[in-house]
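Peer 1: Mind folding the following:
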Amino acid sequence: MEGYHRRIARAKLCLSQQNKERRLAWAKNHEHWSVQDWMQVIWTDKAAFYVGDFRGNVCVTRNPQEEYHEHCLVLKFQKLSHVMIWGAIVADWLGSLVVWEKSWGKITSKAYIKHCYEPLPER
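Peer 2: A predicted model of the protein is given here:
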């Protein structure tokens with residue numbers, strides 16, 4: 001069809017109306033905080049990095065007979081490995097990155113506190 005091209009759909013953060021309202025309320029409750037107030041907050045985040053596999057979509061343009069041609073395939077691995085990384089910052093302090101060990105088990109609130117929060121050094 002004229003004007004149409006194959007594209008990967010764009011990603012959008014999925015927030016419910018309730019979460020949008022909660023975020024707005026939180027922002028309004030904190031808009032008058034001083035620099036000193038903000039210096040007492042620990043900001044944290046985690047990320048997963050996948051190793052040995054491609055975690056996105058790949059599009060190819062081909063005809064039906066080329067379905068299994070080498071140039072139309074994406075490599076697939078038997079096992080997918082991932083590494084979880086956690087980090088924290090407070091004002092002018094940058095915490096160490098924590099690599100989540102598989103032996104620690106699932107990331108629960110108790111495990112998170114034990115392995116990520118409690119080891120934070122005193123400032």
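
Peer 1: what about the strands in the protein?
Peer 2: Using DSSP state E, the strands of the chain run over 43-51, 81-90, 93-94, 98-99.

Peer 1: what about the most centrally placed residue in the chain, distance to Gly87?
Peer 2: Taking Cα atoms, centre = their mean, the centroid of the chain lies closest to Ala47, which sits 4.1 Å from it. Look at Ala47 and Gly87: by Cβ to Cβ, to the nearest Å, they are 9 Å apart. Every residue, glycine included, has its C-beta placed from N, CA and C.

Peer 1: okay, and the common contacts of the two?
Peer 2: Counting by Cβ atoms under 8 Å, 6 or more residues apart in numbering, Ala47 and Gly87 have no common neighbour.

Peer 1: Which pLDDT value goes with the residue nearest to the centre of the chain?
Peer 2: Model confidence at Ala47, given as pLDDT, is 86.

Peer 1: residue contacts, the nearest residue to it once chain neighbours are set aside?
Peer 2: The shortest distance from Ala47 to any non-neighbouring residue, by Cβ to Cβ, 6 or more residues apart in numbering, is to Ile85 (5.4 Å). Applying Cβ under 8 Å, 6+ apart, one finds that Ile85 lies in contact with Lys46, Ala47, Ala48, Phe49, Leu97, Val98, Val99, Trp100.

Peer 1: Those residues into CSV, with extra columns for distance to Val35?
Peer 2: Formatted as CSV, the contacts of Ile85 follow (distance: Cβ to Cβ, whole Å):
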residue, distance to Val35
Lys46, 26
Ala47, 28
Ala48, 33
Phe49, 34
Leu97, 26
Val98, 27
Val99, 32
Trp100, 32
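
Peer 1: Name only those of those residues that count as buried.
Peer 2: The neighbour-count test (16 or more other Cβ atoms under 10 Å) marks Val98, Trp100 as buried among the contacts of Ile85.

Peer 1: Phi first, then psi, for Arg62.
Peer 2: phi -150, psi 170 (degrees, to the nearest 10).
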